[in-house]
Each structure stands twice: as structure tokens, then as C-alpha cells.
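Colleague: Compute the structure for the input listed below.
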Amino acid sequence: MNAIHGGTLKRETAFGQFERIMKPDNSSLQGIDRYQALLDVSTAVASQPDIQELLRSVSDLLSKVVSFNAIALLLNRRLSTMQLYALAAGGFDPGIPVGTEVPFCNTVIAEVLDKQEPALIDARQELQKIPQLVHRVCLDGMPKAYIFPVSSPRRKLGVLIFGATDHEQYGAEDIALMGAIATHVSVAVESALALEAADRYRGKLEYESKRYEHERDRLKLLLDINNHTVTQLDIRELFLAASASIRGFFGNAFTGFWLFEEGSNRLQCVTLDFPNGHGYVENLPSPQFSQGDLEKLRIRMVTVFGQDDIKTLPAPLAESLTSESIISLASVPLLGSSNPLGLIALGSCREKAFSEPDLDLLVQVANQISLALENALAYGRLSVFRRRLEDERHYLESEIRSQYNFDDIIGNSPALRKVLDQVSVVAPTDSTVLLVGETGTGKELIARAIHNLSLRRDRTFVRLNCAAIPQGLMESELFGHEKGAFTGALAQKQGRIELAHEGTLFLDEIGDVDLELQPKLLRVLQEREFERLGSNRTLKIDVRLITATNRDLPAMVRNREFREDLYYRLNVFPIVIPPLRERKEDIPPLVHYFVSLFVRKMRKPIRIIPREVMAALMDWVWPGNVRELQNFIERSVILSRDETLAAPIGELKKGLGVGASSEVSEREAIVEALRAADGRISGPGGAAERLGMKRTSLRRRIDQLRITKDYA
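Modeller: Below is the predicted model of the structure:
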């Protein structure tokens, strides 16, 4: 058999191999040595899971009974190549490292693998069939090789090659021993491959488990953010909830949110979250963004900052980050449907803490928050509009309940036409108008006419009588207040200025505004901004201001009762409204208007106004102006019992034929009313009621006309 080259050796059963091994060759001692070697190999197979170490042990054990140069194990890894899996060469170096791919097509190795029969080959001749290795492998001193199949009942694993010299002669017992060892190696190889496969599968499971856990945590973060976007409409609460969820996934030491101020490129800090140190920080100053910066945000550019980059940020932010040992920062834009909304930033105390997958996930989180942010901002705007519409509705309902009695301006006198010409000139502008005139002359009616002819006519006309509001409540009434701003402030309230946004605000009796409040009103005129009572938040306002007074504001300025700068801001376009005594041509149409109004209201059959009544009304000086005339006509309609107006002209007879000046006539009318009321100004039957004037207006007029208590 030793002379056979490339031939197939007959393969015996394991029992036959055992008999051949144990059969005495030259002496019984040699058989015992082979048996002991086989036992030692079995023990090595059982105790040594590493194939390379096993083959080295086999080489050491087998060399005691059989002489050979090297043992090599080739395993069938691919269709046309085998891999040198292990090599035990002793002192021989074939020059081929473990792991080398060995092509075996058209070689004896292929026949052994196919037929599962051992073979003896000429190693040099067989190497010529493998061009890839012919110049790499050194077979000097190893011309022969015995090839044994390595297989299991389930698959063909590879071959075990024993290399020998020409001088080494092997008997049948030696070859049987090699075959038995190949069988034991087959068991070891299959076990090792099974362990290797199990390790690979376990590693794959661990990898898949970690990947699944990471994916699960990633999806949980996106789900949490989605839940926050659905349930949180308040922007600050949304950011706080999102910050906690983001920290649970990324383990970051800092989360920051910024929003752009409306109508500007300046960022406003909403909240900075330092969970391990400062906690929540707000109101840090932020930089102005350039157009280039905005373009970077629009293309969703993610920015990563290192420790040196952080030092270049605005000083307050850089100091806060540095004090918390933040050395790595990632920033992602929050984008709306058309414009950038703001930024979200994550910081870590580790260098290069954010990988590409982390940044991709952060972009997805930012997209969800952006959508929620747009919804929250839209909801906020709708809430403001809804509250404003509700306030306007309540205000208009109160206006309707106040039974305002003028549908239009009544009269066609030259004095009134002059006023209306001024109204038509100033109405289309947004200029501030100051209406000057005695009480009862219809200043509010003129103010409404200015509003109705202006570009703001579709917005709200809001009025406030400054003399009718206690000075302690004037600021709240004008500017509004926050909940809890003072005792009794149970809810937030919009002031008249805020109600009139984009509309017109009419302040009657502006001369009664307290000196302490005048600077705030001046700020509204100059800066178009204010704060609610109890708030430090500045609100921008777009309102047209119309004011009215029956007082001498220049005299008040000289007496330091009214601010000079405010007066000049109010006196942009003054309109002097003439008293009724200076436009007597308007008395007849006014009388007819008021009679028809009260007739419908009281369901009286009045159709006739006697000439003597109209003459008496024309002669009277009407110190209370149109309001006095209105009250007198109402009283006359009440007293009338038939179709003729029964006016109590006796109350006016003492004023008939008076040829004095209007001021003298007014003074006499007031004195007469005081005498009739026994000196009482207010209350039922008082002089104010008799003259159709307000109590405060009558007192002021008494002071101006210097009427003393000795008028009798």
C-alpha cells in the first residue's frame, strides 16, 4: 500500500480498525502503545474544544507510535474551496498559514470527499493541480500524504491529511490508527462547528436583542413625543414633557428650546433643562440670526458643537453650559410649513456623544415637535382671537344696552358743517384727534363718525369715559390685568386698549386722567406698547386714539395738572365742537328727531309741535347743549296727553329775550337751576338733573364761571 500514489485505501469499520490497531505487529507492546495513543486521543477530543490545540495534541500523541511530518485539517467551507482550519507541523514548516483557501476541484481531495474513502498521494504531483498554491507551499521532505475523510452522519466536513517522507513506512495497523483518529477528529470538528455556530447564533441574538431594544426605545421616544404633541397645547408644558422623554433615550445632560420672536430674527429662550444641576432656566438673552443662519435652518442643517465651539456661543449660554461640564452639543432646527420656528439643542458631558443615527432620530423628534409647535402657536393665536371676539361681543352688548340714541349726526348749520369737513379730512388718516367742546355737544358722536369713515371701520370702536372710572381702577380698565394682580383679580382681563387693537379707542374726559397714569398713556402713543397690570410681558398694540375734553388743557398744563408732552401728542388734530347755542339752526331738526324717537318708544300719539314751543326752544341758551335738549324733549313727551307736544316751557321763560353773551346766559341758567334746587347740585331734582348735565361737569362749570354760594 505504501507504493500506491493517488490510489484509494480501503476504509474499514471502527471495529475493524480497532482490531487492526490492537493486532500485534512486531510485538504486543507496540499494539498496546497504539491502543494507549487512541485512548489519549479520545481523552483529548473530549477535553479540548479548540481544533488547533486538539490537532497539536493529536500530533504529539500520534508521534509516539507513528512517524510523520505534519497533520493538516481542511474543512469544506465553500463549493469549490476548502479552508486550512488547523495545522500541526512539528518542526516542519509548509509555508501555508491557517485560514488559507485551498481549491480542490479535480484533485484527489475531491475524490476522498466525494467517495468518503482514504487515499495515498504524491504530494508534489498533486500540488501541481493547484496553481494558486504551487509557488506558496514548500513540500521539501514531505513527498507523501495520507488523506482521510472527516465526516459525520449528517454532512461531509472535510479531510485530515498526514504528511510523510519517502523513508517512512506505514503498516496496515498504522493506517488504521490514522483512520480511527480521523473518525475521532470528525466528532471533535462537528462539535466545534456546532459550538461555533451556537456562538455565532448567540452573538446574533445578542446583537438583534440590543438592536431590538434600541429600536424599541427609539420608537417609544417617537411615540412619547407624539403623545406630548397631541395632549400638550401649552408650548412651555410641551417642551418640559419632551425634554424628559428625550433625556430618557439619549441620557443627555442638557436640553434647550428656543423660538423666534414674532416678526423678527431674534431667538427667544423658552426653557433650558439642566436636570443634574441648575434645573430649568429661562429668559437667557439670545442672538440675532442673519439671513445666512436662517437659510441653514431652512435646509434642516444639523449642527454639532465641540468643547471649543461651545465657548463661541453667547456668553450667558456658554457660561451655563460650561458650568455644567457640557462639552458636546447638537442643535437641530424646528421648522414650520414656511419659516423656521426655533431650535432644539442637546448637550452631553461626553465627547462626540451624538452619532449619526442619534442625529437622524433627533431630526425626527424635531419634526414632530415642529408640527406640535405650529399647532400650539395656531391654537394660541386662535385663543387670543377668540378671547378678543368674546370681549368685543360683551363690549358691544353693553353698548347696545346703553341705549345709544344717535343713528346719525343731526343738523346742517355752518358751524356743524365745518366740523364735519374736518372729520372727513382727518378720518382716513391714523392721526390722533382731540375733540374740544362743552359737555353734551356730541363729542362721542363725532368720534364715532371719524371711526366709521376711517380704514379701521371694520374693527372695534371702544370708548371709555375717564371721569366715570375711579382713579384706582383706571389703570386696570385701560391696560387690563393678570390673574392675581390685585385683590379681586380672579381672572385675566383685557383692557380697553387691547380691545381696541387694530381699531379705535375713544377716551372721553381725558383731562380727568391721573398724572401718574399719563406717562403710560404717552408710551402707548409713542412706542405702541404696554404691559398689563401685574405682568412684565410687553404687548405690541396698533390702535388709533381719539380723545375729548370740555376742560382747558393748556391751562391745566400751565398749572402742572396735565403733562405737556402728552398734551402735544394728543393735540395733533384738534376739532372744536360748537355748543348748541352757536348752531341754533340745528335745534328744529333735533327737536323733531327726539320727539319721533320718544313717541315710538313711549307709544304716544304726538303729531304737533306748537310754534310757541319751538320758538321758546330756539331762544333758550341750552347750557347743557344737545343732552339738555334731549332730556327736555323726553320730559315733554312724558307730560303730553294728546297729539300736541306739551312742553314745560315755563322752565325756560326766564331765559327768553336774554340778550347777554352766551357765557352770561349760561351763568344765569346755572344760577337759576341752583336756586330752583335749593343749592343742591346732584341727586333727584338737583341742578345737574334740571340742566341735563353730569354732576362733575356742572361742578367744573360752576368753578369756571366763578359762581359762589351768594348767588341769591
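
Colleague: Break this structure down into its domains, please.
Modeller: The chain resolves into domains spanning 7-197, 232-379, 403-578, 584-711 when parsed by automatic domain parsing.

Colleague: could you dump those to JSON lines with mean pLDDT, mean neighbour count and distance to N226?
Modeller: Every C-beta, even on glycine, is put in place using the N, C-alpha and C of the backbone. Formatted as JSON lines, the domains of the chain follow (pLDDT from 0 to 100; neighbours: other CB atoms under 10 Å; distance: least, CB to CB, whole Å):
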{"stretch": "domain 7-197", "mean pLDDT": "72", "mean neighbour count": "17", "distance to N226": "41"}
{"stretch": "domain 232-379", "mean pLDDT": "74", "mean neighbour count": "17", "distance to N226": "6"}
{"stretch": "domain 403-578", "mean pLDDT": "87", "mean neighbour count": "17", "distance to N226": "31"}
{"stretch": "domain 584-711", "mean pLDDT": "81", "mean neighbour count": "17", "distance to N226": "61"}
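
Colleague: In CSV: the ones you listed, plus distance to L389.
Modeller: As requested, these are exported to CSV (distance: least, CB to CB, whole Å):
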stretch, distance to L389
domain 7-197, 73
domain 232-379, 15
domain 403-578, 10
domain 584-711, 31
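
Colleague: Looking at those domains, which is nearest to L223?
Modeller: The closest of the domains of the chain to L223 is domain 232-379. By CB to CB, the value is 9.2 Å.

Colleague: circling back: minimum distance to Y212: which of the domains of the chain has it?
Modeller: Smallest distance to Y212 across the domains of the chain (CB to CB): 14.7 Å, for domain 232-379.

Colleague: What is the lengthiest helix in the chain packed up against?
Modeller: Secondary structure of the chain per DSSP state H: the longest helix is helix 172-231. Helix 172-231 sits against helix 14-22, helix 28-47, helix 51-62, strand 70-76, strand 144-151, strand 156-164, helix 235-250, helix 356-401, with contacts defined as 3 or more CB pairs under 8 Å, 6 or more residues apart in numbering; DSSP states H and E.

Colleague: Tell me what angle that helix forms with strand 156-164.
Modeller: On the basis of axes from the mean of the first three to the mean of the last three CA atoms, to 10 degrees, helix 172-231 is oriented at 140 degrees to strand 156-164.

Colleague: Now do helix 172-231: distance to the chain's middle.
Modeller: Helix 172-231 sits 44 Å away from the centroid of its parent chain (CA atoms, centre = their mean, to the nearest Å).

Colleague: Could you check how far stretch 72-85 is from the centre of its chain?
Modeller: Relative to its chain's centre, stretch 72-85 lies at 61 Å (CA atoms, centre = their mean).

Colleague: Can you give me the end-to-end span of it?
Modeller: Length of stretch 72-85, first residue to last, CA to CA, to the nearest Å: 8 Å.

Colleague: do stretch 465-480 as well
Modeller: Per CA to CA, stretch 465-480 runs 16 Å from first to last residue.

Colleague: try stretch 446-459
Modeller: Chord length of stretch 446-459, first to last residue, is 17 Å (CA to CA).

Colleague: got a list of contacts for it?
Modeller: Residues from elsewhere that reach stretch 446-459, judged by CB atoms under 8 Å, 6 or more residues apart in numbering: 409, 419-420, 423-424, 426-430, 433, 435, 461, 463, 500-504, 506, 544, 546, 548, 575, 577.

Colleague: one more time with 6 Å, if that's ok
Modeller: For stretch 446-459, the external contacting residues (CB atoms under 6 Å, 6 or more residues apart in numbering) are V423, A427, L435, F461, E502, G503, T504, F506, I546.

Colleague: Might one say that the last one is in contact with L505?
Modeller: No. Under the criterion of CB atoms under 6 Å, I546 makes no contact with L505, lying 7.2 Å away.

Colleague: and the helix or strand harbouring V102, what other elements does it pack with?
Modeller: Using DSSP states H and E, V102 maps to strand 101-103. If you count contacts as 3 or more CB pairs under 6 Å, 6 or more residues apart in numbering; DSSP states H and E, strand 101-103 packs onto strand 81-88.

Colleague: Pairing partners for the strand it packs on, with directions?
Modeller: strand 70-76 (antiparallel), strand 101-103 (antiparallel) (DSSP bridges).
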